[in-house]
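> Below is the sequence, then the predicted model.
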Amino acid sequence: MNRRKLIQSLALGIPGILISNKLSAFTVAEEAVKEFVEKIMDGPFKPTWESLTNYQTPEWFRDAKFGMWAHWGPQCQPEAGDWYAREMYMEGNWQYKYHLKKYGHPSEFGFKDVINTWKADKWDPEALVSLYKSVGAKYFMALANHHDNLDLYDSKYQKQWNSLKVGPKKDIIGGWAAAAKKHGLPFAVSVHAAHTWSWFETAQRSDKTGPFAGVPYDGKQTKKDGKGKWWEGLDPQELYAQNHKLSENSEDNGMIHKQWHWGNGVTPPTKAYIDKFYNRTIDLINHYHPDMIYFDDSQFPMWPISDAGLKIAAHFYNKIIKDKGKLSAVITGKILNDEQKKAMVWDIERGQSNSIEPLPWQTDTCIGNWHYDRGLYDRKGYKTAKTIIHTLVDVVSKNGNLMLNIPVRGDGSIDELERKIVEDIGIWMNANGESIYGTRPWKIFGEGPAQAKSAALTAQGFNEGKGVPFGEKDIRFAVKDKALFATVLAWPTNGAIVITSLQEGSSNYPEKINSVKLVATGQELKFERNAEGLKVYFPREQPAASYANPLMIV
């Protein structure tokens, strides 16, 4: 094959990116030869937005409503909260100071060295997934990689920096996948590593003051620097990916958020970097067979500078169709326009929609920080089961699902405060799950004062906890078959509540009401219906977890 034909044939498999004018076409082809690109499975979906908008959310996801997530990796080992691998390199930051005290200076003990301390010696995936299923989770998600770029699986393309070769020397995703399969739960993976390129730029810095002023952190170290050290023979650049110039305003620690869309002066990632991310993700799909992929990206990863994410999506959808005979796959993204919401499921981070969404969506949130934070445990700062259940009921009424993270300690265990919260969630779910699972939105999502004071979404979400707390006048609706569920979000202080949306002659519910039951106990309740609403009389004895009380109305 001559050079021209080689370039033309290779170009068919190269994701479209912004390539420097100085890079010749043949150089691109040579890179593609060096970095083999995994093939996309043939099928009805093509790697274009137009094709992917033919996606339909599977019924299993719509019925499940409640999933649980182990957002667990080496950044949990220090037990110092979120984005540790980035912020330990921010001079003066509390995590930087924590790192100095616990490990030493980041020029001498960087994040790669933190990975080496992570052993996961108390990790029992089967026990945790069993617990989560017992309290009502209908799907389970595990972290496959974070922005720290360590693959938590047997990675063909991240050969040196994966959890089988360093750290715990265990196949983390393999263990979680086996546990989910044993318990019959759809298995999801979360993939965050697309942003390592700019996220880890802090590791290129050095202190500006003090005894280490001007001494570079370890972010630019290479294989030759490891002689005589535990990582001898490993190339830190395969982990940090920092052999590039800093993005514009990189010293501004908040700039990373403004550059999440691969704009605003971010240094463009190389084709080799994008190809490697693509290959790693296809390899993850092919070998661990997830049912769902959560991308920590605005849309599909690498968009709009590359179509790599579109190719991953087309491959995943087509593979699921081939393997299972129908499209049962789910992919989530965070900042989507109306057309993009047709191609994937909209995920709202730490927040809720303020209306019934026409398409199924998901909120992802946590009882604490995403990565384990010992400080939250010490000051008992976790969200309560009541807060979680209120969020779930509200989200379900608006056509959404809740994905809840329980932070896992570095050793692979959850603490006793977390376990109690999980068990308390289970008390409510086991008594009231009928009002959640398999439901669909009603004509309106609810009534009550809280909805008038809800907070608007910011960026990809972040409006949770900004409204007013729910009370006994706040009610959320959902339907299943012929039943209408009305969940009263507190136990009524005077023994009765009035649902104004169900007044006599209501266009929302013109049918006759024959029965009202308290779902938790199955008890028939006395009710009256008039021009003011449906008045329901509650029993004297409260069931367990009576902070949310579904009524089944037929």
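Ah, there it is.

> Looking at stretch 371-389 now, give me its mean pLDDT.
Mean pLDDT, stretch 371-389: 98.

> which residues touch it?
Taking contacts as Cβ atoms under 8 Å, 6 or more residues apart in numbering, the residues outside stretch 371-389 that touch it are 71-73, 75-76, 79-84, 366-369, 402, 404, 407-410, 415, 417-418, 421, 424-425, 427-429, 545, 547-548. Every residue, glycine included, has its C-beta placed from N, CA and C.

> Just those: which are in strands?
Under the assignment DSSP state E, the contacts of stretch 371-389 contribute Cys366, Leu402, Leu404 to strands.

> closest to Pro125 among those?
Using Cβ to Cβ, Leu404 is the member of the ones in strands among the contacts of stretch 371-389 that lies nearest Pro125, at 17.1 Å.

> Assess the claim that that closest one and Thr363 are in contact.
No - in this structure, Leu404 is not within contact of Thr363 by Cβ atoms under 8 Å, at 9.2 Å.

> Was I right to think Trp83 contacts Phe111?
No - counting by Cβ under 8 Å, Trp83 sits too far from Phe111 to count as a contact (11.1 Å).

> which one of these two has more residues nearby?
Counted by other Cβ atoms under 10 Å, Trp83 and Phe111 do not tie: Phe111 has more neighbours, with 30 against 21.

> Check what pLDDT the nearest residue to that one once chain neighbours are set aside gets.
The shortest distance from Phe111 to any non-neighbouring residue, by Cβ to Cβ, 6 or more residues apart in numbering, is to Ala85 (4.4 Å). Looking at Ala85, its pLDDT stands at 98.

> How much space separates Ala85 from His146?
Remark: distance between Ala85 and His146 (Cβ to Cβ, to the nearest Å) = 8 Å.

> Which residues are in contact with each of the two?
Residues touching both Ala85 and His146 (Cβ under 8 Å, 6+ apart) are Gln75.

> Report the contact partners of Val554.
Lys482, Ala483, Leu484, Ile513, Asn514, Ser515.

> Tell me how many other residues crowd Gly233.
Using other Cβ under 10 Å: Gly233 sits among 9 other residues.

> And the strands in the stretch 151-300 of the chain?
In the stretch 151-300 of the chain, the strands defined using DSSP state E, counting those that start in this stretch lie at 187-191, 292-295.

> As TSV, those with distance to Lys383 would be great.
Converted to TSV, those look like this (distance: least, Cβ to Cβ, whole Å):
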stretch	distance to Lys383
strand 187-191	20
strand 292-295	20
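
> right, and these - which one's nearest Asn264?
The closest of the strands of the stretch 151-300 of the chain to Asn264 is strand 292-295. By Cβ to Cβ, the value is 20.0 Å.

> what sits up against the closest one?
Contacts of strand 292-295 (Cβ under 8 Å, 6+ apart): 61, 139, 141, 186-192, 194, 281, 285, 301, 309, 312, 316, 329-333, 347, 364, 403.

> Could you rerun that using 6 Å?
Under the contact criterion Cβ atoms under 6 Å, 6 or more residues apart in numbering, strand 292-295 has outside partners Ala188, Val189, Ser190, Val191, Pro301, Val330, Ile331, Thr332, Gly333.

> Top of those by number of neighbours, please.
Ranked by the number of neighbours (other Cβ under 10 Å), the contacts of strand 292-295 place Val330 first, at 29 neighbours.

> what's the pLDDT at that one?
The model's pLDDT for Val330 equals 98.

> Same question for Ser24.
32.

> Kindly report the same for Val37.
In this model, Val37 is scored at 85, pLDDT.

> roughly how far apart are it and Ala343?
Distance, Val37 to Ala343, using Cβ to Cβ: 22 Å.

> These two: which is more packed in?
Shown here are Val37 and Ala343; by other Cβ under 10 Å, Ala343 has more neighbours (23 against 19).

> mind listing what that one touches?
Leu52, Thr53, Tyr55.

> That one and Lys334, how far apart?
Distance check for Ala343 against Lys334: by Cβ to Cβ, it reads 13 Å.

> and of the contacts of Val554, the nearest to Lys169?
Among those, and counting by Cβ to Cβ, the member closest to Lys169 is Ala483, at 51.2 Å.

> Would you list the phi and psi of the closest one?
Backbone torsions of Ala483, given as degrees, to the nearest 10, read phi -100, psi 140.

> Now for it, how many residues are close by?
Applying other Cβ under 10 Å, we find 17 residues neighbouring Ala483.

> need the contact list for it.
By Cβ under 6 Å, 6+ apart, the contact set of Ala483 is Met552, Val554.

> Three-state assignment for Ile331, please.
Three-state call for Ile331 (DSSP: H, G, I helix; E, B strand; the rest coil): strand.

> nope, Val498 is what I was after
Of the three states, Val498 takes strand according to three-state DSSP.

> Any idea what the residue nearest to it when sequence neighbours are not counted is bridged to?
Excluding its sequence neighbours, the residue lying closest to Val498 (Cβ to Cβ, 6+ apart) is Gly533, at 4.3 Å. Beta bridges link Gly533 to Asn530, judged by DSSP bridges.

> now Gly533: how far from Ile475?
Gly533 sits 10 Å away from Ile475, going by Cβ to Cβ.

> if I look at the two, which residues touch both of them?
Common neighbours of Gly533 and Ile475 are listed as Ile499 (criterion: Cβ under 6 Å, 6+ apart).

> Compare the two (neighbour count), which wins?
Applying other Cβ under 10 Å to Gly533 and Ile475 shows that Ile475 carries more neighbours, namely 27 against 18.

> how about that one, what does it touch?
For Ile475, the contacting residues are Gly446, Glu447, Gly448, Ala486, Val488, Ile499, by Cβ under 6 Å, 6+ apart.

> And the strands in the stretch 451-554 of the chain, which stretches?
Along the stretch 451-554 of the chain, the stretches classed as strands by DSSP E, counting those that start in this stretch are 475-480, 483-488, 496-499, 516-518, 523-524, 527-530, 533-537, 549-553.

> Would you mind giving the ones you listed as CSV with mean pLDDT and distance to Lys122 added?
Below are the strands of the stretch 451-554 of the chain laid out as CSV (pLDDT from 0 to 100; distance: least, Cβ to Cβ, whole Å):
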stretch, mean pLDDT, distance to Lys122
strand 475-480, 98, 38
strand 483-488, 98, 37
strand 496-499, 98, 46
strand 516-518, 98, 41
strand 523-524, 98, 43
strand 527-530, 97, 51
strand 533-537, 98, 47
strand 549-553, 98, 37
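
> now these as a markdown table including distance to Lys182?
As requested, these are exported to a markdown table (distance: least, Cβ to Cβ, whole Å):
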| stretch | distance to Lys182 |
| --- | --- |
| strand 475-480 | 29 |
| strand 483-488 | 31 |
| strand 496-499 | 42 |
| strand 516-518 | 35 |
| strand 523-524 | 37 |
| strand 527-530 | 44 |
| strand 533-537 | 42 |
| strand 549-553 | 31 |
